[in-house]
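> Any chance you can model this:
(one chain, ligands or ions: 1)
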Amino acid sequence: MGNLVVKVSTNKIKEMKEYYQKSLKSPSPPYTAFSAKVGACTITAYQSGKVMFQGTGAEVEANKWGKVDPSQAKASTASATLPNGFADWSVIGSDEVGTGDYFGPLTVVAAYVPKDKLALVKELGVKDSKDLKDPQIVAIAKELIHVIPYSLLVLPNDKYNEIQAKGYSQGKIKALLHNRALRNVLQKIAPVKPDAILIDQFAEKNIYYRHIQTEKEIVRENVYFSTKAEGLHLSVAAASIIARYAFLKHWDELSEKAGIILPKGAGNKVDEAGAKLIRKHGEEALWQFAKVHFANTQKAKNLLYKKR
Ligand code: MN
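So this is what the prediction gives:
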């Protein structure tokens, strides 16, 4: 879904009108050169030369005629499903950290930022955590946790490995944790209800609900899903910051316990640290420190045998 604008010349508008001849709406709405509907995409050309593409397939149609600003394309796909003014609503947002890191737990947070706390939360420096460094995240989180209701769920590595070995996909694990964190916050703030819930999307809505279908209480009311949701409501940005803070704290503890600095991510340095860890503590120790189903486990072992 999208809502894209392309600027074209008057000649181009004529050309477009011809191109969409069979799909033209008549009469064309006031102030427009023409309006057409192709599948689920509505195209509206204004006399000014602005052409708006709305709905499914907007990007495909728009790209036929001109350059779509990539930031505009991104924002429109991300926010397409959210109602106008959403950023100013009272919202519970949820997000997770640690899914792509071999070492360290999975942390999921749901956080409630009501309308009347939006300004304060912003003042504390809450924004998209991709624009923040870890020390800033820690500092902001330490204040934030006293200001807003939230639920933090930490899934330690041994627990993660246990349920992963039972056949739970990472998507299912995440969905279960998001649902529980959301439920916890709803309970905390009851009888107050949020205007909406926004989940930083990691799975299609149907798949998300299939993952949690056996749960006793499933949060469904006013739930929205969006990718890049951190930029769409401060509650998701706040959830992400608290989740990252918790992840870092546990990761520090793990590094200390391991006696080596555990690298983040899942790259070559992680393989090397994995090999070191096995040499130091034995292979079974990985269960406590890492998500053992990652390819890094085998790579770490390979490194170890090569060096022998
Ligand atoms: Mn996320």
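> which non-adjacent residue is nearest W89?
Closest residue to W89 in three dimensions, ignoring its sequence neighbours and counting by Cβ to Cβ, 6 or more residues apart in numbering: D195, at 4.0 Å. C-beta: built from backbone N, CA, C; applies to glycine.
> cool, and V6?
Here the residue nearest V6, using Cβ to Cβ, 6+ apart, is G66, at 3.9 Å.
> Got phi/psi on that neighbour?
In this entry, G66 is assigned phi and psi values of phi -180, psi -180 (degrees, to the nearest 10).
> Distance check, the spatially most central residue of the chain against K130.
For the chain, the residue sitting closest to the mean C-alpha position, by Cα atoms, centre = their mean, is D200 at 3.4 Å. Between D200 and K130 the distance is 12 Å, computed by Cβ to Cβ, to the nearest Å.
> Tell me the residues of this structure that contact the ion?
Residues of the chain lying near the ion by Cβ under 5 Å from the ion: D95, D200.
> try it again with 6 Å
By the criterion of Cβ under 6 Å from the ion, the positions of the chain lying close to the ion are D95, E96, D200.
> Tell me the first helix or strand C-terminal of the lowest-mean-pLDDT helix or strand in the chain.
Within the chain, no helix or strand scores below helix 70-79, which has a mean of 56 by mean pLDDT, DSSP states H and E. Sequence-wise, the next helix or strand downstream of helix 70-79 (DSSP states H and E) is strand 91-97.
> which residues does the residue of the chain found nearest the ion bridge with?
Of all residues in the chain, the one sitting closest to the ion is D200 (3.7 Å; Cβ to the ion). In this structure, D200 bridges to S226 when assessed by DSSP bridges.
> Who are the contact partners of the residue nearest to the centre of the chain?
Shown in contact with D200 (Cβ atoms under 8 Å, 6 or more residues apart in numbering): G93, S94, D95, E96, S226, T227, K228, A229, E230, V236, A239, S240.
> Columns neighbour count and pLDDT on top of the residues you listed, output as a markdown table?
Supplementary listing: the contacts of D200 in a markdown table, determined by neighbours: other Cβ atoms under 10 Å; pLDDT from 0 to 100:
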| residue | neighbour count | pLDDT |
| --- | --- | --- |
| G93 | 30 | 98 |
| S94 | 30 | 98 |
| D95 | 29 | 97 |
| E96 | 25 | 97 |
| S226 | 21 | 94 |
| T227 | 13 | 91 |
| K228 | 16 | 91 |
| A229 | 26 | 95 |
| E230 | 26 | 94 |
| V236 | 29 | 98 |
| A239 | 38 | 98 |
| S240 | 29 | 97 |
